[in-house]
Each structure stands twice: as structure tokens, then as C-alpha cells.
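[1] Predicted model follows, preceded by the sequence.
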Amino acid sequence: MSLQGNLADLPLIDLVQLLTMQNKTGILSVSRNFSQAQICFSSSRIYSAFVHYTTRNRQQAHLEGEEALYNLLSWPEGQFCFELVSALPRAQNLDINWNHTVLEYCRRQDERERQNRLLQLASIRPRLVPNPPVRAEITLTLEDWQILLQVNGQASLQDIAANIRQPLEQIVKIAEKLKKQGLIELDSFIPAEIPAALGYTAPWQAGKSSYDKNAAITWAERDSHGSVRQLPAPEASRYVVSTSTPRPASAEADKPKVQRGILSGLMAKIRGL
Amino acid sequence: MEILKIVVTGAYSAGKTQFIQSISEIEVVSTESEVFHEEEREIKDHTTTALDFGRITVNDETALFLFGTPGQERFDFMWEILAEGCIGYVVMVDSTRPAHLREARHVIDFFNNMLDVPFVVVANKQDDPTCLPIEYIRYRLGLPDYVPLLPCVATDRESVKNVLLTLLDLLYAESKVA
């Protein structure tokens, strides 16, 4: 028996689930560019795994066991072939629960994305909203005030964190809360230094009072050398749900508005059902 | 009478009709027909072809209408029709079928590009022992943290109530003070 395909069509998570359910003993080989990987299955268990790959400075590298699986899980594509064998060629280096491995991989990915997001947000320079919405009551803590007093359109979130000696993560959390309350603007989609490098003029630089929500969103990131790279749509789509079609300018105006009293009544009714 | 409209959408066999049936105070108006595609028939033998309709009446002046969309992409012309004027929407996801997540992602993208209203994503069938963990579903759907992803059992009214109340909470947060 031989099963062939591409990870782009059948992701490794689903493929391994399928193979372990089949209770087969065999070898799954995956290749992509200059990287090779193998996972050996013994009945319904993952028996061993390794990955050979070439690093950016053309060095050969090798991973085994669980780290090899984490690396392989990050491959977006790669030709695979599963073949049945009567005896496995390699020594066992794994005794894992696949679901736990997938969850741990997700956790690592989340952590990486959280760090990336923090890095992106660090350079944002929050600004006070000129005409905040009128609300019955806004409650601010001492920490909220400390940050609000630092907001001047010039200091980045990183600067504010350094000024008041608080962790960046805490500053970002409070800044997002202040944004939700309509007190500050973050322009979180376009970090401060990136637009100019991409030839994009931010609305506030063009004299507009606030960010144009109907503008097409551009995604970019800095590489390790500090160069700005525009992200292709599929990569960007991992970060935000809405990616491509800019909404028509009339969409905001057409948006149905519901009064709070009506919503409260409806919520009470549903709670009572 | 003020009519509020919420759309319940999602890919094929995600549990949309059941979701509406569990909460509607009227017998759900359903446009189900027999499934003839063999692959789809392996999953269920009847499917929604135009819409499901349920209602929750608040008082003489206000009612909430729930519209369920057909799941198959070939009926997607109905999605736009049903979405018109809705105040929010619920995207149902079948937690037991990993292969279903790609279709679910497509539905989320479609509605998110079409509508600028609050929405929640619902991981249905969480009572099934083979269901996928919530965090895994979030990861596979590429959902940012600010989009609520709620575990749900569409046959359980309390679970459905929790979903609707979460969506209404989002609406409340961005509504105007009356």
C-alpha cells in the first residue's frame, strides 16, 4: 500500500490522525525544498520521527523526536508518501500522545504569534481621540491614568512601557482597553514606521482626523535585517479575518443600529426561555 | 414592530437548523430536501436548501428573527439575500470533522467581507467524544483572540442561549444609548 499527496491538501495533523486510526506499521516520508522528514508508525503509535533541513546559512541541521514533529507541523506544504513496511529501520525515539503534541504545537504557535504581535504593537504611537464619544460613565484605574497621561502621539507603547516601568504586555492590554472606551486611537493595523516604507501615507499624516476604516488593509512585517516586507494575502489571513475586499463606503452608514433598551429586553427574554 | 434579524450560518452539517430549533418559540420553518450527493448523504440525508426560520418574540413591539442559511456553497446566493439587514451573525462549526474546518473558514471570510456587524463562531457538537479541542479549532480557523469562539451543543437550549447572549453582549457594547 502506498499513500501519496501534498501537505497543502491534507495537513499533517489530519494525515497522522488518519494513519494512527488505520493501525498500520509503515513510514511516512515528507520532502520539501531541501528538507526531508520521516515519521515511523508502529501499529497505532508514532514510533520515531526525524527532520533533516538546510538552514539559511546553508548548514545541514537535524532534529529528532518531538522537536522533529513540531518542525514538521509547521510545514505548509510538502510531498508525502506513506508506505507499509514489515520492520522499522530506526530506533524508537518517541512515545507520545498525538493530541497532546498537537496541543503543545498550537500553544507554541500561539506564544510565538503573541510575541510577534507584541513586537508589532510596540512601535505604535497612540493618540488621544479629539472628540471621544459621550458616555454615561467611564471608570479608569490608576494604571489607566498613568498611561493616558503619557499618550501624546509621539511616544510609542514601548516608550510608555519604559517611562512608567511596566511590562509591554500590560501596557498593550491597557491601551487596548482605552481604545475600546474610545479614548485613544491605536491604528493597530499599520504600525507607525511601516506605512512610509511602503509608500503609504497614514490618514493622520494626510491631515485626516482618524483612520479610514474603508481603506484596504496592508500587512507588513520586518525581517531580521530590519527591511519591510509586504505579506502575501494567505499569510496575512492568519492574522486577521478580513483580508481582501474593502467594504463600500456606504457600509458603515447602512450598518443596522439597535437601541440598548431593545437589546436589554431581548437579552432578558432569552435568559428567561 | 421592530424586527431584529440574526443569521445562523456555517458549512454543511454544522448544526444550523438544530441550533434554531432549540431556541425558536415557533415550529421552525424549514426548507429541507433529500440529499442526493453520495458524499453528503454519508453525513446526513436531509439538508436545508433555502433557509430556516425561527422567532423569539420579546413583546408586541419587538421580535428577533433567526435565519439559517444553507450550508453547501452551491446555495451561496442565498447567503447574501439572508444577510441583508442582519444585526449580527453566528457561524456554526462542526467540531468533530477536521476536514470541515476549511469550509468553515471560507464561510467566515465570505460573511466577514460582506458584513460589518458583530459575530461569534460556535464550535458545535462538543458533547461528542471525538470533538476537536476549542484551541485547536481556533488555530485551524486562524481566528484572532478578539473573535469569540464558543463551545456549544446545539441540541441543548442553555448552550444555544449562551451563544445568542454572547452575540447580544457584543451588540450591546457597540450600540447607542437609547
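    Sure, I can see it. Residues are numbered from 1 along each chain as shown, chains lettered A, B, ... in the order given.
[2] wait, is A:Asp110 part of a helix?
    Yes. Assessed with DSSP: H, G, I helix; E, B strand; the rest coil, A:Asp110 lies in a helix.
[3] Verify the stated contact: it with B:Leu143.
    No. Judged on C-beta atoms under 8 Å, A:Asp110 makes no contact with B:Leu143 at a distance of 11.4 Å. The way it works is simple: take the backbone N, C-alpha and C, and place the C-beta from them, glycine included.
[4] who's more crowded, the two?
    Remark: of A:Asp110 and B:Leu143, B:Leu143 carries more neighbours, 20 against 14, as counted by other C-beta atoms under 10 Å in any protein chain shown.
[5] Phi, psi for the more buried one please.
    For B:Leu143, the backbone dihedrals (degrees, to the nearest 10) come out as phi -80, psi 130.
[6] residues contacting the residue nearest to it when sequence neighbours are not counted?
    Among residues not flanking B:Leu143 along the chain, B:Leu149 sits closest, at 5.8 Å (C-beta to C-beta, 6 or more residues apart in numbering or on different chains). When contacts are counted by C-beta atoms under 8 Å, 6 or more residues apart in numbering or on different chains, B:Leu149 touches B:120-123, B:134, B:137-138, B:141, B:143.
[7] most neighbours, which of the residues you listed?
    Counting neighbours by other C-beta under 10 Å, B:Val122 leads the contacts of B:Leu149 with 30 neighbours.
[8] Wait, that residue touches B:Ser95, no?
    No. Using C-beta under 8 Å, B:Val122 makes no contact with B:Ser95, being 9.2 Å away.
[9] which residues of the stretch 101-250 of chain A fall in strands?
    Using DSSP state E, counting those that start in this stretch, the strands of the stretch 101-250 of chain A run over residues A:127-128, A:184-185, A:220-222, A:228-230.
[10] Between the ones you listed, which has the poorest mean confidence score?
    For the strands of the stretch 101-250 of chain A, mean pLDDT drops lowest on strand A:220-222, to a mean of 43.
[11] ok, the residue of the stretch 51-200 of chain A found nearest chain B - how many residues close by?
    Distances between the stretch 51-200 of chain A and chain B by C-beta to the nearest C-beta are smallest at A:Cys106, namely 4.6 Å. Neighbours of A:Cys106 under the rule other C-beta under 10 Å: 19.
[12] One more: B:Asp116?
    B:Asp116 is flanked by 14 other residues according to other C-beta under 10 Å.
[13] Next: A:Asn33.
    Using other C-beta under 10 Å as the criterion, the residues surrounding A:Asn33 number 10.
[14] That one: what's it in contact with?
    Taking C-beta under 8 Å, 6+ apart, we find A:Asn33 in contact with A:Thr54.
[15] Next: A:Gln150.
    Applying C-beta under 8 Å, 6+ apart to A:Gln150 gives the contacts A:159-160, A:163-164.
[16] Export those residues as CSV, with columns for neighbour count, pLDDT and distance to A:Glu64.
    CSV is the format used below for those (neighbours: other C-beta atoms under 10 Å in any protein chain shown; pLDDT from 0 to 100; distance: C-beta to C-beta, whole Å):
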residue, neighbour count, pLDDT, distance to A:Glu64
A:Asp159, 16, 89, 44
A:Ile160, 25, 92, 44
A:Asn163, 14, 89, 46
A:Ile164, 14, 88, 46
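[17] so what's A:Arg127 bridging to?
    A:Glu185 (DSSP bridges).
[18] Who are the contact partners of it?
    Contacts of A:Arg127 by C-beta under 8 Å, 6+ apart are A:151-153, A:184-185, A:204.
[19] Could you do B:Glu174 as well?
    Contacts for B:Glu174 (C-beta under 8 Å, 6+ apart) come out as B:Pro118.
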